[in-house]
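Asks: based on what follows, work out the 3D shape:
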Amino acid sequence: LQTVALYSQTNLPVIADRIHTLRQTLPKHVRLIAVTKQVTADRMREAYHAGIRDFGENRLQEAEAKYAQLQDLTDVTWHFIGRLQRNKARRVLDLFSWIHSVDSLSIAQRLNQLAQSCDCPPQICLQVKLLPDANKGGWSVDELLSALPALDQCEHLRIQGLMAIPPLGLSADQVLAYFQQLRDLATTINQLAFPRLTLTQLSMGMSDDYPLAVQAGATIVRLGRTIFGDRPL
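Replies: Prediction:
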């Protein structure tokens, strides 16, 4: 609690300025998600008043508390961007309009089963892991291509695009190539013409690399530190 409180009091006067600068520099078609891990509801409200309408959360329990405090912000879209566990899939569907981190066929099929009773089908991104990375989940390219026929049968999901996070330690050129590879994979999948798999969204780019992601064709960037400042350890 103490670390969260510290983070909530960091850079208060500049949050709105940072958001304004991002709005001026990002292309109009790029959707800006404010990543609010360890950010208090008060600071999220401040970002809201500066124009943010998309909030991204990594952890369900943390998101639930904030959701309860911000229910009056009825035009907010909530994005789940963390690792999704099967036993939490129902609650994630209840809270989040977008899930960016669907990283296996079993998770996709579980969400599809649960979404039968949802009024609004969830918007889904498929998380891809283009290079080995023990710290991240995601489909390999071969796994994803093999799963496409089964994903195309998930009629209660709106599969919108791909998501990826490059491994740490890459050079700028390597990061750019990583994002370009994700873009090209989406193009390849679209050319296969599965009826429910028209991928128009590329969720890629965080505070350290989002300009490279935009250069490679990102339509969604997920920024936390760029907006709210450094998180406490």
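
Asks: C-alpha from now on. contacts and neighbour counts both.
Replies: Fine.

Asks: contacts only, for the closest residue to Val30 other than its chain neighbours.
Replies: Closest residue to Val30 apart from its sequence neighbours, by Cα to Cα, 6 or more residues apart in numbering: Thr219 at 4.5 Å. Contact analysis of Thr219 by Cα atoms under 8 Å, 6 or more residues apart in numbering lists His29, Val30, Arg31, Gln201, Leu202, Ser203, Met204.

Asks: lowest average confidence, helix or strand, in this protein?
Replies: Ranked by mean pLDDT, DSSP states H and E, the weakest helix or strand in the chain is helix 2-8, scoring a mean of 40.

Asks: could you identify the helix or strand that succeeds that helix?
Replies: Next in sequence after helix 2-8, counting helices and strands by DSSP states H and E, comes helix 15-25.

Asks: would you mark the buried spots in that following helix?
Replies: Neighbour-count burial for helix 15-25 flags Ile15, Ala16, Arg18, Ile19, Arg23 (criterion: 16 or more other Cα atoms under 10 Å).

Asks: which strands and helices lie in contact with whichever helix or strand Ala186 is part of?
Replies: If you go by DSSP H and E, Ala186 is part of helix 172-191. Helices and strands touching helix 172-191, by 3 or more Cα pairs under 8 Å, 6 or more residues apart in numbering; DSSP states H and E, are strand 158-163, helix 210-216.

Asks: can you tell me the average pLDDT over the helix or strand that comes right after that helix?
Replies: Using DSSP H and E, the helix or strand that follows helix 172-191 in sequence is strand 201-203. Taken as a whole, strand 201-203 has a mean pLDDT of 98.

Asks: which residues does strand 201-203 contact?
Replies: Residues contacting strand 201-203 (Cα under 8 Å, 6+ apart): 100, 125, 160-164, 182-183, 217-222.

Asks: repeat that with 6 Å
Replies: Gln160, Gly161, Leu162, Met163, Ala218, Thr219, Ile220, Val221 (Cα atoms under 6 Å, 6 or more residues apart in numbering).

Asks: what's the closest of the residues you listed to Ala177?
Replies: Ranked by distance to Ala177 (Cα to Cα), the contacts of strand 201-203 are led by Ala218 at 12.8 Å.
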